[in-house]
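>>> this one's sequence-less:
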């Protein structure tokens with residue numbers, strides 16, 4: 001099928017081919033070994049249509065080659081020692097480049113105008129079948145390593161399906177595992193009755209895949225033998241000199257040692273590349289997990305913000321309802337009860353005989369008025385709107401101490417002026433809820449409430465008692481599961497203010513609640529202990 005007839009080609013001052021006659025039949029795998037290493041390179045250049053022989057002719061299927069020609073015209077496929085690719089094309093476009101059947105298809109390929117799904121899918125399927133580990137088919141050739149470029153060249157050759165295949169020293173660009181895959185392809189091409197010419201100096205490769213070995217020295221064929229009729233010593237002897245076989249044994253041993261070491265180095269390099277790819281893949285997976293976690297955290301943050309907005313709105317609406325209800329009770333119900341009390345007093349003066357019963361009714365009305373006033377104070381301390389937080393705390397703690405019998409020491413920093421309604425109400429509710437917890441759980445006899453002005457941007461609230469304190473296994477979440485929401489409510493209010501809260505047992509016994517909340521830097525005013533200017 002392939003005939004080299006009296007081919008001569010001068011390379012510099014020496015001949016790469018010197019009157020070489022060679023014919024290769026279908027299905028043959030021919031290994032070419034050249035002492036200078038230029039014969040196979042020149043054969044590739046001639047079969048690519050770039051160089052013409054100085055003398056002689058080459059025929060394929062009896063047809064004489066006339067230069068310049070395109071190798072695809074004669075179904076010649078070439079794998080260069082260093083791959084020659086179009087840098088601006090992506091992997092998929094390069095694999096199918098030159099395989100178009102119509103000129104407009106070639107133009108569309110070169111202009112990168114194609115079905116992005118079909119060509120990429122076809123390329124990915126082919127690379128998967130070849131077990132070539134390459135980036136995505138959209139990757140540009142310029143971004144590939146030398147070995148990856150050679151793999152693209154091999155995939156392109158597969159698509160072209162040539163009858164004559166010339167491979168120039170694959171070990172120069174391919175690692176050992178990919179060389180093995182290429183040799184598997186060569187065996188398949190033999191079964192398909194294609195001609196394969198393999199240029200290599202690796203004896204292991206020659207005897208592993210070739211049917212015939214040709215050795216050239218100084219451009220002349222010095223050995224042309226079927227693989228079963230030669231051996232390693234004969235090949236090396238033909239390659240290096242005309243000496244007797246026994247004289248080249250040390251050289252054979254040196255070559256074997258070299259190739260064994262080279263093979264081990266190739267395996268180590270390949271394993272290192274696989275390890276690096278695995279690490280890169282793990283880093284990619286880790287980055288994907290981090291990205292997903294970031295999205296989830298962002299979603300949780302959004303949900304948390306939404307919950308805080310809803311909680312703040314709920315607290316605000318509840319305070320407004322309490323305020324409205326307290327004013328209704330104070331302005332309507334208490335006034336009505338006081339009016340009835342005056343009417344009962346008038347009746348007692350008009351009907352002395354009913355004085356005993358009417359006095360009892362008047363006492364009941366006065367008790368009802370006091371109870372409603374306490375309810376109003378709990379719902380919404382009226383003093384906080386008119387006189388501020390300090391006065392409201394003074395009034396509430398005084399009444400609470402009288403009601404519970406627990407001594408209260410209240411200290412409000414004189415530098416604290418009027419704060420925003422949200423801060424004043426929140427701090428008041430924190431004190432109110434803390435004192436309620438003290439009544440229910442602390443078994444304390446004394447409580448200290450201190451509101452301090454730390455700086456123009458920060459307030460501190462300390463609530464300390466001499467009770468039993470918290471258990472060592474205290475868990476705020478567990479308290480909510482058990483239906484105790486006092487401390488949890490305090491914590492939520494502090495969080496909505498953007499502050500921080502700490503619960504700690506004191507060395508001398510009892511619980512300390514420390515709250516620090518930011519405020520808007522209102523200039524402090526000179527006020528007395530009760531919050532009055």
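Noted; the coordinates are in hand. Quick caveat: nothing in here was measured; it's all calculated off a predicted structure. Residues are numbered from 1 along each chain as shown.

>>> center of this structure - which residue?
Residue closest to the average C-alpha location in the chain (C-alpha atoms, centre = their mean): residue 287, at 2.1 Å.

>>> domain ranges for the protein?
2-246, 387-518 (automatic domain parsing).

>>> that older thread, check which helix or strand covers the residue nearest to the centre of the chain.
helix 249-328 (DSSP states H and E).

>>> report the distance from whatever helix or strand residue 492 lives in to the chain centre.
For residue 492, the host element (DSSP H and E) is helix 486-496. Relative to its chain's centre, helix 486-496 lies at 35 Å (C-alpha atoms, centre = their mean, to the nearest Å).

>>> who's in contact with the helix or strand that it is followed by?
Later in the chain than helix 486-496, the nearest helix or strand by DSSP H and E is strand 500-505. By C-beta atoms under 8 Å, 6 or more residues apart in numbering, the residues outside strand 500-505 that reach it are 469-470, 474, 487, 490-491, 494, 511-516. For glycine as for every other residue, the C-beta is placed from the backbone atoms N, C-alpha and C.

>>> tell me the least confident of those residues?
Within the contacts of strand 500-505, pLDDT reaches its minimum at residue 474, with 73.

>>> what pairs with the residue nearest to that one when sequence neighbours are not counted across the strands?
Distance criterion C-beta to C-beta, 6 or more residues apart in numbering; nearest residue to residue 474, sequence neighbours excluded, is residue 503 at 7.2 Å. Residue 503 has these beta-bridge partners by DSSP bridges: residue 513.

>>> give the contact list for residue 356.
Per C-beta under 8 Å, 6+ apart, neighbours of residue 356: none.

>>> roughly how far is the helix or strand where it lies from the heart of the chain?
Using DSSP H and E, residue 356 maps to helix 355-379. Between the centre of helix 355-379 and the centre of its chain there are 68 Å (C-alpha atoms, centre = their mean).

>>> now for the following helix or strand past it, which elements pack on it?
Using DSSP H and E, the helix or strand that follows helix 355-379 towards the C-terminus is helix 382-387. Counting contacts by 3 or more C-beta pairs under 8 Å, 6 or more residues apart in numbering; DSSP states H and E, helix 382-387 packs against helix 249-328, helix 389-404, helix 421-437.

>>> tilt between the shortest one and helix 421-437?
Meaning helix 389-404. Comparing the axes of helix 389-404 and helix 421-437 via axes from the mean of the first three to the mean of the last three C-alpha atoms, to 10 degrees yields an angle of 20 degrees.

>>> so which elements touch helix 389-404?
Helix 389-404 packs on helix 355-379, helix 382-387, strand 407-412, helix 421-437, strand 446-455, going by 3+ C-beta pairs under 8 Å, 6+ apart.

>>> likewise for the last one?
Counting contacts by 3+ C-beta pairs under 8 Å, 6+ apart, helix 421-437 packs against helix 382-387, helix 389-404, strand 446-455, strand 458-465, helix 486-496, strand 511-518.

>>> quick one: closest of those to residue 59.
Between residue 59 and the helices and strands packed on helix 421-437, the tightest spacing by C-beta to C-beta is seen for helix 486-496, at 89.4 Å.

>>> run through the stretch 151-300 of the chain and note the low-pLDDT ranges.
241-271, 274 (pLDDT under 70).

>>> circling back to that earlier point, among the domains of the chain, which is nearest residue 304?
Nearest of those to residue 304, taken as C-beta to C-beta: domain 387-518 at 9.7 Å.

>>> now do stretch 134-150: distance to the chain's middle.
Taking mean C-alpha positions (C-alpha atoms, centre = their mean), stretch 134-150 and its chain are 24 Å apart.

>>> could you do stretch 300-309 as well?
24 Å.

>>> show me what counts as buried in it.
Going by neighbour count (16 or more other C-beta atoms under 10 Å), nothing in stretch 300-309 comes out as buried.

>>> same question, stretch 44-64
Neighbour count says stretch 44-64 has 44-49, 51-53, 58, 60 buried, by 16+ other C-beta under 10 Å.

>>> do me a favour and get the end-to-end distance for it?
End-to-end distance for stretch 44-64, by C-alpha to C-alpha, to the nearest Å: 17 Å.

>>> and that stretch, how far out from the chain's middle?
For stretch 44-64, the distance to the chain centre is 55 Å (C-alpha atoms, centre = their mean).

>>> related to what we said a few turns ago, how much space between the residue nearest to the centre of the chain and residue 299?
Noted for residue 287: a distance of 19 Å to residue 299, by C-beta to C-beta, to the nearest Å.

>>> next: residue 61.
Relative to residue 299, residue 61 is positioned 68 Å away (C-beta to C-beta).

>>> repeat that for residue 209.
On the measure of C-beta to C-beta, residue 209 and residue 299 end up 58 Å apart.

>>> looking at those two, which is more packed in?
residue 209 (22 against 10; other C-beta atoms under 10 Å).

>>> run through the residues that contact that one.
Taking C-beta under 8 Å, 6+ apart, one finds 29, 31, 183, 186-187, 198 in contact with residue 209.

>>> ok, the residues you listed vs residue 451, which is closest?
Nearest to residue 451 out of those is residue 183 (C-beta to C-beta; 85.8 Å).

>>> count the residues that sit near that closest one.
Neighbours around residue 183, by other C-beta under 10 Å: 17.

>>> who touches it in this structure?
Applying C-beta under 8 Å, 6+ apart, the residues contacting residue 183 are 205, 208-209.

>>> make JSON lines out of the residues you listed and add secondary structure and distance to residue 441.
Shown next, in JSON lines, are the contacts of residue 183 (DSSP: H, G, I helix; E, B strand; the rest coil; distance: C-beta to C-beta, whole Å):
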{"residue": "205", "secondary structure": "helix", "distance to residue 441": "86"}
{"residue": "208", "secondary structure": "helix", "distance to residue 441": "86"}
{"residue": "209", "secondary structure": "helix", "distance to residue 441": "87"}
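
>>> and which of those is nearest residue 419?
Set against residue 419, the nearest of the contacts of residue 183 by C-beta to C-beta is residue 205 (86.8 Å).

>>> what about the closest one, neighbour count?
Residues near residue 205, counting by other C-beta under 10 Å: 21.

>>> and the gap between it and residue 407?
99 Å.

>>> any chance you could list what contacts stretch 146-156?
Contact with stretch 146-156 is made by 79-80, 82-85, 91, 94-99, 123, 126-127, 130, 132, 134-135, 141, 144, 170, 173-175, 178, 182, 185, as judged by C-beta under 8 Å, 6+ apart.
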